[in-house]
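Asker: Return a 3D structure for these sequence lines:
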Amino acid sequence: MSPALLVAVALLIPGVSADTFEIQAELQGLYDEISQATLQVTTQSELDQFHGVLYTPDWAFTDAAGHTRTWADVREEAFRAVSAPRADSMTQPIRKVSVDASGATVDVSVVIVRTLVDHEGKYGRSGDTHTLTDTTSFRDRWVKMSGAWKLKSRQQIGRPTELVDKPQ
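Answerer: Next up is the predicted model:
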């Protein structure tokens, strides 16, 4: 679908401005880029470089319990997460975008799908293969810096959900 047609369709949706729609489309592209990079990063150097491009220097993460941590606080944990057995896929569909003069607030779901062999019998018979779909909701704050969108903060909203052998 052409950009002009997308904008025309957006104008037909009540309460959605063309600017908000365009921003949502741009941010969805960045979420797609983040997801793909997350699946491909193999070194701490790559992780730091990627973080330096798409995140603000003062980026902060707030977990579901309300504890806020900086990139320096979560860097090692983030690297362990991307170094763990690779996910089959990662998507971050946007659920809602609110735009204001200083940026955009986005409600987004992070959906990670993994296939694993259940050696312990946690999900059924020991040795069976299962597909796990983990979904976590976040509220992200994006700002424009030097003409580019940068992720300033991520707040986890609630606990993750896990589906076993069921598509989301």
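Asker: Can you pull the poorly scored residue ranges out of this protein?
Answerer: Within the chain, the set of residues satisfying pLDDT under 70 comprises 1-18, 167-168.
Asker: can you map out the helices along it?
Answerer: Counting by DSSP state H, the chain has these helices, from start to end: 3-12, 18-40, 44-54, 71-83.
Asker: Put together a markdown table for those helices, with distance to Lys150 and mean neighbour count on each row.
Answerer: Every residue, glycine included, has its C-beta placed from N, CA and C. As requested, the helices of the chain are exported to a markdown table (distance: least, C-beta to C-beta, whole Å; neighbours: other C-beta atoms under 10 Å):
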| stretch | distance to Lys150 | mean neighbour count |
| --- | --- | --- |
| helix 3-12 | 23 | 12 |
| helix 18-40 | 9 | 16 |
| helix 44-54 | 6 | 14 |
| helix 71-83 | 12 | 14 |
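Asker: Any idea which of those helices gets closest to Ser153?
Answerer: Comparison of the helices of the chain against Ser153 by C-beta to C-beta identifies helix 71-83 as nearest, at 11.0 Å.
Asker: I'd like to know which elements the closest one is packed against.
Answerer: If contacts are counted by 3 or more C-beta pairs under 8 Å, 6 or more residues apart in numbering; DSSP states H and E, helix 71-83 sits against helix 44-54, strand 55-62.
Asker: and if we set it to 7 Å?
Answerer: Using 3 or more C-beta pairs under 7 Å, 6 or more residues apart in numbering; DSSP states H and E as the contact test, the elements touching helix 71-83 are helix 44-54.
Asker: chain center to the helix it packs on: distance?
Answerer: A distance of 15 Å separates the C-alpha centroid of helix 44-54 from that of its chain, computed with C-alpha atoms, centre = their mean, to the nearest Å.
Asker: now Arg141: how far from Leu151?
Answerer: Taking C-beta to C-beta, to the nearest Å as the measure, Arg141 and Leu151 are separated by 8 Å.
Asker: swap in Ile112?
Answerer: Here the criterion is C-beta to C-beta. By it, Ile112 lies 18 Å from Leu151.
Asker: Grab the nearest non-local neighbour of Gln44.
Answerer: Taking C-beta to C-beta, 6 or more residues apart in numbering as the measure, Gln44 lies nearest to Phe79, with 5.2 Å between them; neighbours along the chain are not counted.
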